[in-house]
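Asks: Prediction below, plus the sequence it came from.
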Amino acid sequence: MISKIISEELVNKVEKAIDVADKIAIVVHVGPDGDAMGASLAMWHYLMTKGKESTIVVPTAFPNFLNWMPGTEKVIVYENNKEEADLIFAVADLIFALDFNTANRMANMTEAVLRSPADIILVDHHLHPEAFAKVLISYPELSSTSELIFRLICRMGDFSKINLACAECIYTGMMTDTGGFTYNSNQQEIYIIIAELIKLGVNKDEIYRKVFNTYSADRLRLMGFCLSKKMKIYPEYRAALITITQKELDQYNFVNGDAEGFVNIPLSIEGVDFSVFMREDTDKIKISLRSQGTFPTNKVSSDLFNGGGHLNAAGGESYVTLKETIKKFEDALPTYKVFLEEKA
Ligand code: 5GP
Ligand code: MN
């Protein structure tokens, strides 16, 4: 048995909302990751077993390594199908907003979603959710939204409606948001849930391979380049920084998702507890931050990079040049020294 963390009142609200809904949309954050796709597809499969049709709309494309997930072929990418998606939002009576805490994380589709007459149910695990939803199911202590979807379905008494496809999606989200259960993954109940998912037929080893072992040779070469030529260590601040320009990315035929996980690698260096990865994009610098221990990457990201996230994993953006962004980061490093844990 897992503990009942979602209140009866919230569970009843969701149950009722699904019962009376006719047109349901499911939305996630820009640059959908394994958890965003896992949570939304799991909800989509669940609703289907309840006889309810729904449509998943994502702001921008999800990475190729998630293509295998059951149901992805039905997902609508807003930036490629704006008209169709706008119509879906205009007629929806219920919208599930999954895996993000502020409306602007929907980027290009924020307005269309907020304009919708639909009631919004937010299911998420990020700190400080904004009040844009009618029903708020927010549990930042959980490591993934996909886990929360599992819990929500079970609390509605519908464990039996979790089919294999739904279970695979839940597992994928739980696995990716914990780096394959290497961080944020000490809660016992995670493993009780995994045991249930395996009972339903999930092949966890195969999912690991499909998600983490299907990269291109170009990606590996890019990784090698980043580590040997582009990584800077700041021993005094137990920090590491990797930066990459558009031109360099082009040399390695960069495609979306290729730099996924690079930010974690410097944490494997003894003496590094804080790692930052900056990637030059067409109109901005995309920044990923990771830490181990109590160092607050979300604070750094919201202070410096218009972003946020979790204690150990955050992201943000910068609208000045890469050079200026690096300078901003280096100038600010001393400020965050107080957050580093004392090492014996
Ligand atoms: P990633 O580095 O994988 O892009 O993001 C790590 C985590 O940081 C995400 O799960 C999300 O919580 C958060 N995050 C990433 N980018 C942004 C951003 O631009 N704004 C905010 N508020 N959070 C972000
Ligand atoms: Mn997540």
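Replies: That came through fine. Ligands and ions are numbered 1, 2, ... in the order given.

Asks: Show the contacting residues for the one residue in the stretch 151-300 of the chain that gets nearest to ligand 2.
Replies: Of all residues in the stretch 151-300 of the chain, Asp177 sits closest to ligand 2, with a separation of 4.6 Å (CB to the ion). (Glycine included, C-beta is placed from N, CA and C.) Contacts of Asp177 were listed using CB atoms under 8 Å, 6 or more residues apart in numbering, and they are 33-35, 143-146, 184.

Asks: any idea how far the residue in the chain that ligand 1 sits nearest to is from Arg151?
Replies: Scanning the chain for proximity to ligand 1 using CB to the nearest ligand atom identifies Gly315 as nearest, at 2.1 Å. Counting by CB to CB, to the nearest Å, the separation of Gly315 from Arg151 is 25 Å.

Asks: would you list every one of the strands in the protein?
Replies: Under the criterion DSSP state E, strands of the chain are mapped to 24-27, 54-58, 76-77, 94-98, 119-124, 135-138, 231-234, 239-244, 274-280, 285-291, 308-309, 313-318.

Asks: Direction-wise, compare the last one with strand 285-291 and give the angle.
Replies: Which is strand 313-318. 160 degrees (axes from the mean of the first three to the mean of the last three CA atoms, to 10 degrees).

Asks: Which neighbouring elements make contact with strand 313-318?
Replies: Counting contacts by 3 or more CB pairs under 8 Å, 6 or more residues apart in numbering; DSSP states H and E, strand 313-318 packs against strand 285-291, helix 297-304, strand 308-309, helix 322-332.

Asks: Can you give the strand pairings for that strand, parallel or anti for each?
Replies: Sheet partners assigned to strand 313-318 using DSSP bridges are listed as strand 285-291 (antiparallel), strand 308-309 (antiparallel).

Asks: tell me the mean pLDDT for the longest one?
Replies: Per-residue pLDDT over strand 285-291 has a mean of 97.

Asks: wait, does it make contact with ligand 1?
Replies: Yes: counting by CB under 6 Å from any ligand atom, ligand 1 has neighbours in strand 285-291: Ser288.

Asks: orientation of that strand relative to helix 322-332 in degrees?
Replies: Using the same axes, to 10 degrees: strand 285-291 against helix 322-332 is 30 degrees.

Asks: Surely Glu84 and Ile76 touch.
Replies: Yes: the criterion here is CB atoms under 8 Å, and Glu84 meets it with Ile76 at 6.4 Å.

Asks: which residues touch Ile192?
Replies: Ile2.

Asks: how much space between it and Gly34?
Replies: Per CB to CB, Ile192 is found 21 Å from Gly34.

Asks: next one: Asp303
Replies: 27 Å.

Asks: Walk me through the domains of the chain.
Replies: Domains of the chain are assigned by automatic domain parsing as 8-212, 217-339.

Asks: Distance from the chain centre to the shortest one, please.
Replies: Using CA atoms, centre = their mean, to the nearest Å, we find the averaged C-alpha position of domain 217-339 to lie 17 Å away from the chain's own average C-alpha position.

Asks: Glu73: how many residues sit nearby?
Replies: Here the count is done by other CB atoms under 10 Å, and Glu73 has 7 residues near it.

Asks: pLDDT of stretch 204-218, averaged?
Replies: According to the model, stretch 204-218 has a mean pLDDT of 95.
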